[in-house]
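Asks: Okay, here's the prediction I keep looking at, along with the sequence it came from:
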Amino acid sequence: MLSSENLADIVCPVGKKELIQKDNFLVCSYCGVKYPVVEGIPVLLIDDAILPEGVNSLDELKCMVK
Ligand SMILES: [Zn+2]
């Protein structure tokens with residue numbers, strides 16, 4: 001598990017928003033995209049991220065919208 005101290009430094013790579021740990025994922029507080037945490041290491045790759053419900057493509061993510 002990650003300490004909250006480590007987590008504070010990690011942001012959504014798309015929109016630079018805060019991430020919230022939820023089970024084995026880090027969830028972006030803004031766009032809702034989920035990044036898997038594999039063996040304690042967050043995989044902050046948008047290509048490996050899980051899109052939130054109702055979002056069908058990366059372009060629809062709130063963090064993507066400028
Ligand atoms: Zn985001």
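Replies: Perfect, I can see it now.

Asks: Show me where this structure dips below the pLDDT cut-off.
Replies: For the chain, the stretches flagged by pLDDT under 70 are 1-8.

Asks: same thing but 50
Replies: Along the chain, no part satisfies pLDDT under 50.

Asks: How about the residues of it by the ion?
Replies: Cys12, Val14, Gly15, Lys17, Cys28, Tyr30, Cys31, Cys63 (CB under 5 Å from the ion). C-betas here are computed from N, CA, C, even on glycine.

Asks: So what's the residue count around the last one?
Replies: When neighbours are defined as other CB atoms under 10 Å, Cys63 has 19 of them.

Asks: so what's it closest to, chain neighbours aside?
Replies: With CB to CB, 6 or more residues apart in numbering as the criterion, Cys63 has its nearest non-adjacent residue at 2.7 Å, and that residue is Gly15.

Asks: measure the one you found to Val38 for me?
Replies: Gly15 sits 22 Å away from Val38 when distances are taken as CB to CB, to the nearest Å.

Asks: quick one: which of these two has more around it?
Replies: The neighbour comparison of Gly15 against Val38 (other CB under 10 Å) goes to Gly15, with 18 against 10.

Asks: Verify the stated contact: that one with Lys66.
Replies: No - counting by CB atoms under 8 Å, Gly15 does not reach Lys66; the two are 9.4 Å apart.

Asks: Does the residue nearest to Cys63 fall in a helix, a strand, or a coil region?
Replies: Of the three states, Gly15 takes coil according to DSSP: H, G, I helix; E, B strand; the rest coil.

Asks: how about the strands in the chain?
Replies: Ranges of strands in the chain, per DSSP state E, are 19-22, 25-28, 34-38, 41-42.

Asks: now, of the ones you listed, which is deepest in the fold?
Replies: strand 25-28 (a mean of 22; mean count of other CB atoms under 10 Å).

Asks: Keeping just the C-alphas, turn it into PDB.
Replies: The C-alpha trace of strand 25-28 is given here as PDB (Å, rounded to 0.1, in the frame of the first residue of the first chain):
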ATOM      1  CA  PHE A  25      -6.500   1.800  -8.200                       C
ATOM      2  CA  LEU A  26      -5.700   5.400  -8.100                       C
ATOM      3  CA  VAL A  27      -8.700   7.400  -9.200                       C
ATOM      4  CA  CYS A  28      -8.500  10.900 -10.600                       C
END
